[in-house]
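A.B. asks: Coordinates for the following, if possible.
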Amino acid sequence: MAKKFWQFRNMAEGKSAELLLYGDISDTSWWGDEVTPKQFTEDLNALGAVTEITVRINSGGGDVFAAQAIGNQLEQHSANVTARIDGLCASAATIVACHCDKVIAANDSTYMVHPVRMGLRGYMDAETLKQYTNALDTIRENIITLYAKKTCREKDEVAGWMDATSWWTGPQAKENGFVDELTDSEEDAVVENRNGVLFVNSVSMNLPFAEAPKFVQDSLAESAAGRPANTKPAGQPEQIKEVQNMDPEIKTVDDLRKAYPALVDQIEQAAVSAERERIKGIEDVALPGSEELLAEAKFTNPMSVSDFAVALVKGAKTKGAAFLDAMRKDGEESGAAGVGNPPAPGGEDPVNKARAQAKADAEAYLENKKGRK
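C.D. replies: Predicted coordinates:
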């Protein structure tokens, strides 16, 4: 299963719980994996008999169908569900918020609604495009109905907000009916321009900074001109703390993951791939009888493939020397070195005796032949 984009946390005494929606809502696929909606339901049910659920939102949106499924399950839950907008609530994230019993937003939070969009790839004929258009109209109508129910406004007014791509501060969202209460957060939301991408509270909104609300861009421009970034300009409804092209303070792995989720995921995937290659390489060069060294190299004392091969050769060499030494000792202890030909009687060497006899016979023959001349 792909990494979950939500996180449930039980709170004190098990009577309340939190659901964190930070970042994209299903940045990979929701309906492409039938396990995902089922897993969300199981996680929700696993909270037990809670009476309060707080949904903390800092998200630029994502999959409309995932947001609708989450929102409907929360709305049907027996607990009282409160949405708290910590930074940005935009696009599909607003669908989740509108399904909650109450929406509380920080004074410096940002709310955004926009037209429904669909990503298309490949070649299509007119009939296929018409089907997609009909699907967009249906999705748009469902969202407009949800917004109108939440805000108690007419559908035409809500549709106009969507079609215009409306960005609002927390108070403006409350004025338009999307937010029920405002609260001063303990810390201002941190809005950043990281290489042209909008980050809120160190979480990427996957939105070009140039498409951020005008009051954010104006504040950044005034800060660059010399005004302190956290100073409220005349006419600006809310105070926004801004940081441009500056990394947040990172002290833990969780901090790094929040600041650079895509990079951390890339590093983790590369590490998993490298580990698989290491284990496969070790298994490929392993020899029969090296099971103990193999287990050590894979798990208890991880080695590279080259280090394992060296250890394997050293082990084989040590075993070979031990084998030869054992064979030598066995030979010495068996007495085989003392086994040989028994000595001739009287200490005579039969080979030397034969040689001497042959020499004497040859000399006698020569003497005999010389006497006959």
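A.B. asks: wait, residue 74 sits on residue 96?
C.D. replies: Yes: between residue 74 and residue 96 there is a contact at 7.3 Å, judged by CB atoms under 8 Å. C-beta coordinates here come from the backbone N, C-alpha and C atoms, glycine included.
A.B. asks: which residues do the two both contact?
C.D. replies: residue 55 (CB atoms under 8 Å, 6 or more residues apart in numbering).
A.B. asks: Looking only at neighbour counts, state which of the two leads.
C.D. replies: Neighbour totals were compared for residue 74 and residue 96, and residue 96 leads with 29 against 19 (other CB atoms under 10 Å).
A.B. asks: Let me see the contact set for that one.
C.D. replies: Taking CB under 8 Å, 6+ apart, we find residue 96 in contact with 21, 25, 55, 57, 67, 70-71, 74, 83.
A.B. asks: count of residues packed around residue 278?
C.D. replies: 17.
A.B. asks: Please renumber the chain so that the first residue is 35 from this point on.
C.D. replies: In the new count, where the first residue is 35, that last one comes out as residue 312.
A.B. asks: Show the backbone phi and psi for it.
C.D. replies: phi -60, psi -50 (degrees, to the nearest 10).
A.B. asks: Okay, it and residue 117: tell me how far apart.
C.D. replies: 46 Å (CB to CB, to the nearest Å).
A.B. asks: again, but for residue 146
C.D. replies: From residue 146 to residue 117 the distance is 15 Å (CB to CB).
A.B. asks: higher neighbour count, those two?
C.D. replies: The neighbour comparison of residue 146 against residue 117 (other CB under 10 Å) goes to residue 117, with 28 against 23.
A.B. asks: Grab the nearest non-local neighbour of that one.
C.D. replies: Excluding the flanking residues, the one nearest residue 117 by CB to CB, 6 or more residues apart in numbering is residue 134, at 4.0 Å.
A.B. asks: Next up, the contacts around that neighbour.
C.D. replies: Residue 134 neighbours (CB under 8 Å, 6+ apart): 89, 105, 108-109, 115-117.
A.B. asks: how much space is there between residue 295 and residue 99?
C.D. replies: 22 Å.
A.B. asks: Next, please give the residue ranges for the helices of the stretch 285-407 of the chain.
C.D. replies: For the stretch 285-407 of the chain, the helices defined by DSSP state H, counting those that start in this stretch cover 287-293, 295-319, 325-329, 339-368, 384-405.
A.B. asks: least reliable of the ones you listed going by mean pLDDT?
C.D. replies: Comparing mean pLDDT across those, the weakest is helix 287-293, with a mean of 68.
A.B. asks: Buried residues, stretch 52-64. List them.
C.D. replies: Residues of stretch 52-64 classed as buried: 52-61, 64 (neighbour count, 16 or more other CB atoms under 10 Å).
A.B. asks: So which of the residues you listed sits lowest on pLDDT?
C.D. replies: residue 61 (62).
A.B. asks: Okay, now the unreliable bits of the stretch 185-334 of the chain?
C.D. replies: 218-225, 235-241, 247-286, 288-289, 291-293, 296, 298-299 (pLDDT under 70).
A.B. asks: contacting residues for residue 98?
C.D. replies: 126, 129, 150, 173, 177.
A.B. asks: gap between the two ends of stretch 153-162?
C.D. replies: Stretch 153-162 has an end-to-end distance of 14 Å (CA to CA, to the nearest Å).
A.B. asks: and that stretch, average pLDDT?
C.D. replies: 81.
A.B. asks: which SS state does residue 112 fall under?
C.D. replies: coil (DSSP: H, G, I helix; E, B strand; the rest coil).
A.B. asks: Residue 359 versus that one, what's the distance?
C.D. replies: Distance of residue 112 to residue 359, given as CB to CB: 78 Å.
A.B. asks: repeat for residue 346
C.D. replies: From residue 346 to residue 359 the distance is 21 Å (CB to CB).
A.B. asks: okay, now the domains of this protein?
C.D. replies: 35-220, 225-283, 303-363 (automatic domain parsing).
A.B. asks: Of all those domains, which one is nearest residue 402?
C.D. replies: domain 303-363 (57.9 Å; CB to CB).
A.B. asks: measure that closest one end to end?
C.D. replies: Using CA to CA, the two ends of domain 303-363 sit 55 Å apart.
A.B. asks: follow-up on the earlier one: okay, the residue nearest to residue 117 and residue 89: tell me how far apart.
C.D. replies: 6 Å.
A.B. asks: Now list whatever residues contact both of those two.
C.D. replies: 108, 115-117.
A.B. asks: among the domains of the chain, which is nearest residue 386?
C.D. replies: Closest among the domains of the chain, using CB to CB: domain 303-363, at 34.2 Å.
A.B. asks: Residue 152 sits in which helix or strand?
C.D. replies: For residue 152, there is no host helix or strand (DSSP states H and E).
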